[in-house]
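Novice: sharing a model prediction with you, sequence too.
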Amino acid sequence: MVDTSLNKKYTAQEGGNLDFSPIPDGIYRARVKEVTPWIPKTQTIKVYQKDENGKVLTDEKGNKVTETVSNCTFYNCTVKMEIIGGAYDGRIIFHNLTTHPNMDFNIPNFLYGIGLQEIAASEIQEKTKGLICDIDVYTDKYEKTVQDKETGLDKIEEKFINRVKSFKQITAENPNVEIETEDYGF
């Protein structure tokens, strides 16, 4: 039985040595460690209009043609990927999935990488855990406002975070992977 009571005794141990700095850009072998539950979001959005081939329509000035959709509900979740093998073994990369209509490439690319042909979005949490693929990782820069501890004034700091550019299926001809494929019997 799992003990989550306030009477459970704990033993002290050192912690907090996790490294959250970005790893170098490149292709890494990764395992789906966890997928958070879908979170609904309802808002008025502009949806790209597409032709019969799925290509986004543009006007004479090159702007994307949109249609405003009121009270559109779409869903978001986060995939926690663990790098397996190589110098960054065990490092975690997060990737967001969404059912937003303008991001219709998002879930299909994830499914392609992990080798699933077709599943409902509602099945992603249960059917993708433990699956392995290659991920093309890049480093994204963003700015964050923080309070200077000495002056108490707000300042803007540049922060860096890894993101997944794309998911790739594991193949024997994938020489750019951080780990050697023979480690996994391919």
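Specialist: Structure received.
Novice: from now on I want contacts and neighbour counts done on CA atoms only, so please keep to that.
Specialist: Fine.
Novice: quick one: low-confidence parts of the protein?
Specialist: 1, 14-19, 172-186 (pLDDT under 70).
Novice: for it, what spans make up the helices?
Specialist: 106-114, 124-127 (DSSP state H).
Novice: tell me which of those helices sits nearest to Ala12.
Specialist: Among these, the nearest to Ala12 by C-alpha to C-alpha is helix 124-127 (33.4 Å).
Novice: show me what that closest one packs onto, helices and strands only.
Specialist: Packing partners of helix 124-127 (3 or more C-alpha pairs under 8 Å, 6 or more residues apart in numbering; DSSP states H and E): strand 26-35.
Novice: just the angle for the strand it packs on relative to helix 106-114, thanks.
Specialist: Interaxial angle, strand 26-35 versus helix 106-114 (axes from the mean of the first three to the mean of the last three C-alpha atoms, to 10 degrees): 110 degrees.
Novice: touching strand 26-35 from outside, list them.
Specialist: 77-85, 124-125, 128-138, 176-179 (C-alpha atoms under 8 Å, 6 or more residues apart in numbering).
Novice: among those, name the buried ones.
Specialist: 77-85, 124-125, 128-129, 132-138, 177-179 (16 or more other C-alpha atoms under 10 Å).
Novice: mind checking which of these are in strands?
Specialist: Among the buried ones among the contacts of strand 26-35, the residues falling in strands (DSSP state E) are 77-83, 132-138.
Novice: correct me if wrong: Phe160 contacts Tyr142.
Specialist: Yes. Using C-alpha atoms under 8 Å, Phe160 is in contact with Tyr142, at 6.4 Å.
Novice: so for these two, which sits in the more crowded spot?
Specialist: Phe160 (14 against 10; other C-alpha atoms under 10 Å).
Novice: contact partners for that one?
Specialist: Residues in contact with Phe160 (C-alpha under 8 Å, 6+ apart) are Ser21, Pro22, Thr139, Asp140, Lys141, Tyr142.
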